[in-house]
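In: structure for the following, please:
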Amino acid sequence: MKRINIFYLILMASLIAMSICAFVYGQEETVLPEAKAGMTLWELVVAGGTMMIFIGLCSIAALALIIDNFITLRPTKIIPPDFIQMIKAYLSGGKIQDALNLSRSKEDFLYKVFAAGLDKSGQSLETIQGTMAEAGAKEANGLQQKNNYLSSIATISPMLGLLGTVLGMIQAFNVIAFQAGLGKPTLLAAGVSKALVTTAFGLIVGIPAMAFYFYFRNRAQAIIMDIETISAEFSKLIFESGTANLKKGTAESS
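Out: Below you'll find the model as predicted:
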């Protein structure tokens, strides 16, 4: 698992580096005698127009989601080893109620799955497994929700850039049509150059966002698979512990 994570981190770092290098390289130009130097980064941002505001907001949202996923989407956080050991100890000792109280103490993924199964203690194994699977599926959707937002940003950002380019091209051709720009090709070149800025920035935001989306999606799927394995194991323990308590209660009452 660690090797896979390292591979994805290297891949994403390479994609980000390639995107930045491609953008920077695209801004370089051969400075001929009496030629004007290229625009600075801030001038490029300003030249992109109003659409750059929306692309900037997408970049901020993507960065916030990436940081949040790195903090929250950790196996040790979602599947705490101490919690599993305590539940196992309670079930081994037949302390169903103690295990249930512990599971209800937090609103985390694994806690809710265990609480759902422990609520059905004393019933059939199929009922316990089905209840835990249903709770796990519900929590899994919530786990991947923020990552889906990252996918949306990765899709929308290049589209905003393309829209900015189309609007910029319209403005550039308007200059030619209404300001006698046919004899001045530099007017068209400048307009097209400014128009393409939004597409470049849209891709710079979209490519890393998409790469991180796939990375976090695979991480979430791996965590969900681990929880399914743990749930299948503990559903049997819950069933056996509940059955033993029922037999013990029947023997004491008789």
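In: need the pLDDT of residue 49.
Out: At residue 49, the model reports a pLDDT of 72.
In: same deal with residue 188?
Out: 65.
In: swap in residue 164?
Out: 85.
In: for residue 17, same thing?
Out: Looking at residue 17, the pLDDT reads 47.
In: now swap in residue 125 and tell me
Out: Here, the pLDDT recorded for residue 125 equals 87.
In: and the gap between it and residue 81?
Out: 25 Å (Cβ to Cβ, to the nearest Å). No exception for glycine: its C-beta is placed from N, CA and C like everyone else's.
In: out of those two, which sits in the busier spot?
Out: Shown here are residue 125 and residue 81; by other Cβ atoms under 10 Å, residue 125 has more neighbours (15 against 9).
In: isn't that one up against residue 241?
Out: No - contact criterion Cβ atoms under 8 Å: residue 125 and residue 241 do not qualify, at 11.8 Å.
In: got the residue ranges for the helices in this structure?
Out: Along the chain, counting by DSSP state H, helices occupy 2-27, 41-47, 51-72, 75-78, 81-92, 96-103, 109-119, 125-178, 185-253.
In: CA atoms only: put the fourth one into PDB for me.
Out: Output of helix 75-78 as PDB, limited to C-alpha atoms (Å, rounded to 0.1, in the frame of the first residue of the first chain):
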ATOM      1  CA  PRO A  75      -6.400   4.700   7.200                       C
ATOM      2  CA  THR A  76      -5.300   5.100  10.800                       C
ATOM      3  CA  LYS A  77      -7.900   7.900  11.300                       C
ATOM      4  CA  ILE A  78     -10.800   6.000   9.700                       C
END
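In: any weak-confidence spans in this protein?
Out: For the chain, residues meeting the criterion pLDDT under 70 lie at 1-48, 175-191, 193-194, 244-254.
In: which of the helices of the chain sits most buried?
Out: Among these, helix 109-119 has the highest mean neighbour count (mean count of other Cβ atoms under 10 Å), at a mean of 23.
In: contacts for it next, please.
Out: The contact list for helix 109-119 (Cβ atoms under 8 Å, 6 or more residues apart in numbering) reads 78-80, 83-84, 87, 96, 99-100, 103-105, 128-129, 131-132, 134-136, 139-140, 143, 227, 230-231, 234-235, 238.
In: now swap in stretch 142-160 and tell me
Out: Contacts of stretch 142-160 (Cβ under 8 Å, 6+ apart): 51, 54-55, 58-59, 61-62, 65-66, 68-69, 73, 78, 109, 198-199, 202-203, 205-207, 209-210, 212-213, 216-217, 220, 223-224.
In: can I get that stretch in CSV, CA atoms only?
Out: The C-alpha coordinates for stretch 142-160 follow below in CSV (Å, rounded to 0.1, in the frame of the first residue of the first chain):
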residue,chain,number,x,y,z
GLY,A,142,-20.1,10.4,2.5
LEU,A,143,-16.4,9.5,2.5
GLN,A,144,-16.1,10.0,-1.2
GLN,A,145,-18.4,13.1,-1.5
LYS,A,146,-15.6,15.7,-1.0
ASN,A,147,-13.5,13.9,-3.5
ASN,A,148,-16.3,14.1,-6.0
TYR,A,149,-16.2,17.9,-5.6
LEU,A,150,-12.6,17.7,-6.6
SER,A,151,-13.5,15.9,-9.7
SER,A,152,-16.1,18.6,-10.5
ILE,A,153,-13.4,21.3,-10.2
ALA,A,154,-11.1,19.3,-12.4
THR,A,155,-13.8,19.2,-15.1
ILE,A,156,-15.1,22.8,-14.7
SER,A,157,-11.7,24.6,-14.7
PRO,A,158,-10.7,23.8,-18.3
MET,A,159,-14.2,24.5,-19.5
LEU,A,160,-14.0,28.0,-17.8
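In: I'd like the numbering to begin with 51 instead of 1 from here.
Out: OK, 51 is where the count begins now, so the last one is stretch 192-210.
In: now do residue 172 against residue 182, distance only.
Out: Counting by Cβ to Cβ, the gap between residue 172 and residue 182 amounts to 15 Å.
In: swap in residue 101?
Out: Distance from residue 101 to residue 182, counting by Cβ to Cβ: 48 Å.
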